[in-house]
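# sharing a model that was predicted from the sequence below.
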Amino acid sequence: DIQMTQSPSSLSASVGDKVTITCRASQSISSYLNWYQQKPGKAPNLLIYSAFNLQSGVPSRFSGSGSGTDFTLTISSLQPEDFATYYCQQSHSTPLTFGGGTKVEIK
Amino acid sequence: EVQLVESGGGLVQPGESLKLSCAASGFSFSDSAIHWVRQASGKGLEWIGRIRSKFNNYATTYAASVEDRFTISRDDSKNTAYLQMNSLKTEDTAMYYCARNDGDGYSKVDYWGQGTLATVSS
């Protein structure tokens, strides 16, 4: 199975800050990497697919980059509604696997 | 509007069975693969498995942790997918989500239901 490692596991930031979350795969997954946002009590919401493609309806302050084993999710200017947990997920092969999550909290 | 609505969760004892349903609308259900993903309280996301379309013979793939106990099926005439869970263990307690794949593969899991809670406890 492909292991996905996210860092940090949590971070504190202020509204307007630039936030970067990283995800590393245990083997090359090309660009088969998705990012999700999950708020408490809600289902995950797809933000970025295939490493850098913005899902329809997602604000442009979210962006993704990377390929191979190392990936990044960037929020260019953190907004109040962005405080949530973020997960990366590889779609290179089954079983699909998720990173452990990054909780973004208010500083 | 794409919608997925899970149902069938509840409280069962260890060793018992439970069958979850996922009713879909707003897209071509028969052309889409459907995934099941679970999340224990306060924990991360765990992929359980997937069922492909009739075009791919309703092929299923499972996570090793459930493949001898869980079965995914679908009824395209009802736009509904199912997760049959047998020999349940306390560690199966979780919120269970169904999710649509954009297409019949597994590259883009784009819409999720709100989840249904399964609790396994004596």
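Done, it's in.
# what residues does chain A have near chain B?
Counting by Cβ under 8 Å from any Cβ of the partner chain, the residues of chain A close to chain B are A:1, A:32, A:34, A:36, A:38, A:42-46, A:49-50, A:55, A:87, A:89, A:91, A:94-101. C-beta here means a position set from N, CA and C on the backbone, and glycine is covered the same way.
# any chance of a ChimeraX selection covering the buried ones in those?
Per 16 or more other Cβ atoms under 10 Å in any protein chain shown, the buried members of those correspond to this ChimeraX selection:
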select /A:32,34,36,38,43,44,45,46,49,55,87,89,91,94,95,96,97,98,99,100,101
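# so what does B:S30 have for phi and psi?
Main-chain torsions, B:S30, degrees, to the nearest 10: phi -70, psi -20.
# give me the contacts around the host helix or strand of B:A118.
Element membership of B:A118 [criterion: DSSP states H and E] is strand B:116-120. For strand B:116-120, contacts defined as Cβ atoms under 8 Å, 6 or more residues apart in numbering or on different chains pick out B:6-14, B:16, B:18, B:20, B:85, B:88-96.
# ok, 6 Å please
The contact list for strand B:116-120, computed with Cβ atoms under 6 Å, 6 or more residues apart in numbering or on different chains, reads B:6-7, B:9, B:11-12, B:14, B:18, B:20, B:88, B:90, B:92-93, B:95-96.
# for chain B, just list every one of the strands.
For chain B, the strands defined by DSSP state E occupy B:3-7, B:10-12, B:18-25, B:34-39, B:45-51, B:60-62, B:70-75, B:80-85, B:94-101, B:109-112, B:116-120.
# got TSV for those, with mean pLDDT and mean neighbour count too?
What follows is these, written out as TSV (pLDDT from 0 to 100; neighbours: other Cβ atoms under 10 Å in any protein chain shown):
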stretch	mean pLDDT	mean neighbour count
strand B:3-7	98	18
strand B:10-12	98	14
strand B:18-25	98	19
strand B:34-39	98	24
strand B:45-51	97	23
strand B:60-62	97	18
strand B:70-75	98	18
strand B:80-85	98	22
strand B:94-101	97	24
strand B:109-112	96	22
strand B:116-120	98	18
